[in-house]
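**Student:** sequence? don't have it. structure:
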């Protein structure tokens, strides 16, 4: 299966790796970004150099009207949408729960939870056979933090990713007869910008000792799982939350 896929938060990290890997697999890719215009443009340029098709579209997934515009523009520029990688997310404020406030929690849940729901809702309105679509597949990016509780000061982040796991299972039941497969990936410790505030590569090197494979992951290793979940090779995979975490 290939077609048109929207990848949110695709300017860098896991999102950028997913966009490039999906383009190599034959998908036309809408590279969404909120503020990383230059980075998203570089992803599109890399895809074009390899013979793929992609467009960069600015939208903050935490704002439902911007999500509507993102999907409308993606469809008008690339064609009917048949795939979504709901990747956009933020780490939030690293602090004990007693120091978390509305100001620190609201943006985290607006992006990681509401934003994912907005994007899935818009994808369903366009892909569902119940709504006149031809079907499709959705992959959300969760985190191993959802089952581990998160690193110190990151319990809210872990909770936001736990919501991704719950909605994946529930939406699989809701959408299975509408021609839409719904799955998620739980990455472990991966070398992306989100680990910067936690100590970056020095932290990753230190944490390697608790990872059975003895190393952190790379964005492309997560992207390959996303390509598979969106492909016909995963045609009977539905409601799964796949750990890509080196065994941790």
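**Tutor:** Yep, it's here. What you see is a predicted model; the values in this text were computed from it and never measured.
**Student:** Okay, buried residues for the helix or strand hosting residue 19 please.
**Tutor:** Take DSSP states H and E as the rule and residue 19 turns out to sit in helix 13-24. The neighbour-count criterion (16 or more other CB atoms under 10 Å) identifies 13, 14, 15, 16, 17, 18, 19, 20, 21, 22, 23 as the buried residues of helix 13-24. To be clear about C-beta, it is placed using only N, CA and C from the backbone, and glycine gets the same treatment.
**Student:** for stretch 61-74, same thing?
**Tutor:** 61, 62, 63, 64, 66, 67, 70, 71, 73, 74.
**Student:** Return the subset of those lying in helices.
**Tutor:** Taking DSSP state H as the definition of helices, the buried residues of stretch 61-74 contribute 64, 66, 67, 70, 71, 73, 74.
**Student:** quick one: contacts for residue 213?
**Tutor:** By CB atoms under 8 Å, 6 or more residues apart in numbering, the residues touching residue 213 are 246, 247.
**Student:** chain center to the helix or strand of the chain with the lowest mean pLDDT, what's the gap?
**Tutor:** Ranking every helix and strand in the chain by mean pLDDT, DSSP states H and E puts helix 200-207 at the bottom, with a mean of 72. The chain centre lies 23 Å from the centre of helix 200-207; the measure is CA atoms, centre = their mean, to the nearest Å.
**Student:** and if you look at stretch 122-138?
**Tutor:** For stretch 122-138 - counting by CA atoms, centre = their mean - the centre lies 18 Å from the chain centre.
**Student:** do stretch 80-96 as well
**Tutor:** Centroid displacement of stretch 80-96 relative to its chain, using CA atoms, centre = their mean, is 5 Å.
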